[in-house]
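>>> Whatever this is, show me its structure:
(one chain, ligands or ions: 1)
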Amino acid sequence: MSASIIDGRAIAAQLRSDVQQDVERFVAETGVTPHLSVVLVGENPASQVYVRNKEKFCVAAGMKSTVHRLSAETTQDELLQLVNELNNAEDVHGILVQLPLPSQIDEQAILDAICSEKDVDAFHPHNVGLLVQGRSRFEPCTPAGCLQLIRSVREDISGLHAVVLGRSEIVGKPMSLLLIQRGADCTVTICHSRTKDLAEITKQADILIAAIGKPNFVTADMVKPGAIVIDVGINRVDKKLVGDVDYDAVAEKADAITPVPGGVGPMTIANLLRNSLRAAQMQTQARRQ
Ligand code: NDP
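I've put the predicted structure just below:
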């Protein structure tokens with residue numbers, strides 16, 4: 001058996017095009033242009049690429065994008081001051097602080113300081129709490145993208161066993177929350193570095209999501225025949241990008257699989273655009289009430 005390849009580039013392009021149409025309609029109705037402000041601290045090369053892409057796709061979707069580039073020596077107080085200014089700026093609807101931040105800055109303190117209505121990454125405790133309660137206003141971008149990719153293969157995933165590898169705040173944990181929500185209705189197992197007999201668990205997965213940051217970690221013998229495999233990992237090996245899944249071998253066993261690159265990655269930005277539009281819609285509506 002050879003898996004069908006889930007084309008994240010095409011699915012993300014469709015989502016971006018849907019957002020673009022919604023932006024056009026929103027601007028025509030309200031005269032307000034959704035505006036995302038991105039803050040980049042330091043010169044991490046990967047972060048610079050991510051930020052450039054966010055800017056490019058934001059503009060292509062008809063939104064305004066502003067990037068604040070700060071030096072690697074920026075202090076926590078200076079960054080907090082900028083976040084506060086953006087929180088108070090009426091024409092800024094979304095704020096994204098690109099991670100990772102330099103070591104002198106407490107990441108959590110910065111994420112906590114972003115006003116939750118503008119937190120388009122959905123990392124603020126308020127937004128995490130809403131997600132836990134199944135009433136999120138912003139869905140976390142990467143996990144939401146994974147769920148859209150899964151549903152592109154199989155719309156009804158109710159009752160399936162989903163195994164999530166990784167329990168980070170950015171991917172693993174929110175991914176699990178989306179999968180157990182009503183409407184998705186999966187049975188979810190979350191694994192991490194202390195999990196015992198990992199392969200015994202992954203072999204039971206109808207849906208396997210790998211988000212651990214270890215190149216080619218998931219091998220074919222860890223995968224149930226016919227599973228849907230979503231590879232979130234982005235690892236650089238010999239200047240090449242590879243995922244957390246041993247792609248060629250697993251593709252022989254799975255029903256569907258995401259490639260790296262071209263799988264989950266493009267979905268993250270598409271969902272960021274969707275959240276930025278949502279932020280502009282909510283704030284505009286609140287101001288007009
Ligand atoms: P983290 O490093 O924050 O978390 C990794 C998780 O994997 C941890 O929960 C860790 O367990 C677990 N883990 C590590 N080793 C093992 C192991 N041997 N067995 C089981 N679990 C293990 O990473 P992120 O969640 O931020 O990112 C994961 C990957 O996804 C990275 O490659 C990252 O680059 C990529 N990524 C891709 C995105 C995209 O848009 N495509 C967006 C975000 C991330 P423990 O908690 O016990 O330490």
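
>>> if I pick the closest residue to Lys203 other than its chain neighbours, what's in contact with it?
Beyond its immediate neighbours in the sequence, the residue positioned closest to Lys203 (C-beta to C-beta, 6 or more residues apart in numbering) is Lys224, lying 5.4 Å away. For the C-beta atoms, the positions are set from N, CA and C on the backbone; glycine is no exception. Taking C-beta atoms under 8 Å, 6 or more residues apart in numbering as the criterion, Lys224 is in contact with 202-206, 208.

>>> Could you tell me the model confidence score at Ser2?
For Ser2, the model assigns a pLDDT of 89.

>>> circling back to that earlier point, out of the contacts of Lys224, who's the most crowded?
Scoring the contacts of Lys224 on neighbours with other C-beta atoms under 10 Å, the highest-scoring entry is Leu208 at 28 neighbours.

>>> hey, which helix is longest across this protein?
Counting residues, the longest helix in the chain under DSSP state H turns out to be helix 264-288.

>>> Report the mean per-residue pLDDT for that one.
Throughout helix 264-288, pLDDT has a mean value of 97.

>>> thought Ile5 was touching Pro259?
Yes - with contacts counted by C-beta atoms under 8 Å, Ile5 reaches Pro259, the gap being 5.9 Å.

>>> Could you check which of those two is surrounded by more residues?
Pro259 (18 against 14).

>>> From what I see, that one and Tyr247 are in contact.
Yes - with contact defined as C-beta under 8 Å, Pro259 and Tyr247 form a contacting pair (6.6 Å).

>>> Common neighbours of those two, please.
Taking C-beta under 8 Å, 6+ apart as the contact criterion, the common neighbours of Pro259 and Tyr247 are Asp231.

>>> Spatially nearest residue to the residue in the stretch 1-150 of the chain that the ligand sits nearest to (excluding sequence neighbours)?
For the stretch 1-150 of the chain and the ligand, the shortest gap (C-beta to the nearest ligand atom) falls at Thr142, measuring 4.2 Å. Closest residue in space to Thr142, ignoring its immediate chain neighbours: Thr268 at 4.7 Å, by C-beta to C-beta, 6+ apart.
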